[in-house]
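*Asks:* sequence unavailable; structure follows:
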């Protein structure tokens, strides 16, 4: 059954697959003590679609995070980066949105500068 799903995606040229929230939660549960006081950067990660962003946002206080940042690659339109610094973990839409000058490519100088601010990528 799973193989057929991948074959259909290949034929349709639809190779966008996202990690499930339950999988993120299960994996990151082993590392909770490593997040305390840290800034996490989800590079090339759209908060509207990302289970990783959702996990860190919903567990921000529990993990003791300092800051959560994501940047999105968008080669055709305006690219953005997003920051969450706490105070409303259950409200997944609570974040600050900033424009990027470029397209959000992780190799761009502005994304490298964001990367320098992070403890965990």
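*Replies:* Perfect, thanks for sending it. Note that the structure is predicted; figures quoted are calculated from it, not measured.

*Asks:* from here on, just use CA atoms for contacts and neighbour counts.
*Replies:* OK.

*Asks:* any buried residues in stretch 82-102, and which?
*Replies:* Residues of stretch 82-102 classed as buried: 82-86, 89, 92, 95, 100, 102 (neighbour count, 16 or more other Cα atoms under 10 Å).

*Asks:* now for those, which pair is the farthest apart?
*Replies:* 89 and 102 (29.3 Å; Cα to Cα).

*Asks:* number of residues surrounding residue 58?
*Replies:* A count of nearby residues for residue 58, using other Cα atoms under 10 Å, gives 16.

*Asks:* was I right about residue 88 contacting residue 94?
*Replies:* Yes - contact criterion Cα atoms under 8 Å: residue 88 and residue 94 qualify, at 6.8 Å.

*Asks:* where exactly do the strands run in this structure?
*Replies:* Remark: strands assigned in the chain by DSSP state E are 39-42, 67-71, 80-84, 96-99.

*Asks:* angle of the third one against strand 67-71?
*Replies:* When you say that, I think you mean strand 80-84. 170 degrees (axes from the mean of the first three to the mean of the last three Cα atoms, to 10 degrees).

*Asks:* who does strand 80-84 touch, helix- and strand-wise?
*Replies:* Strand 80-84 is packed against strand 67-71, strand 96-99, with contacts defined by 3 or more Cα pairs under 8 Å, 6 or more residues apart in numbering; DSSP states H and E.
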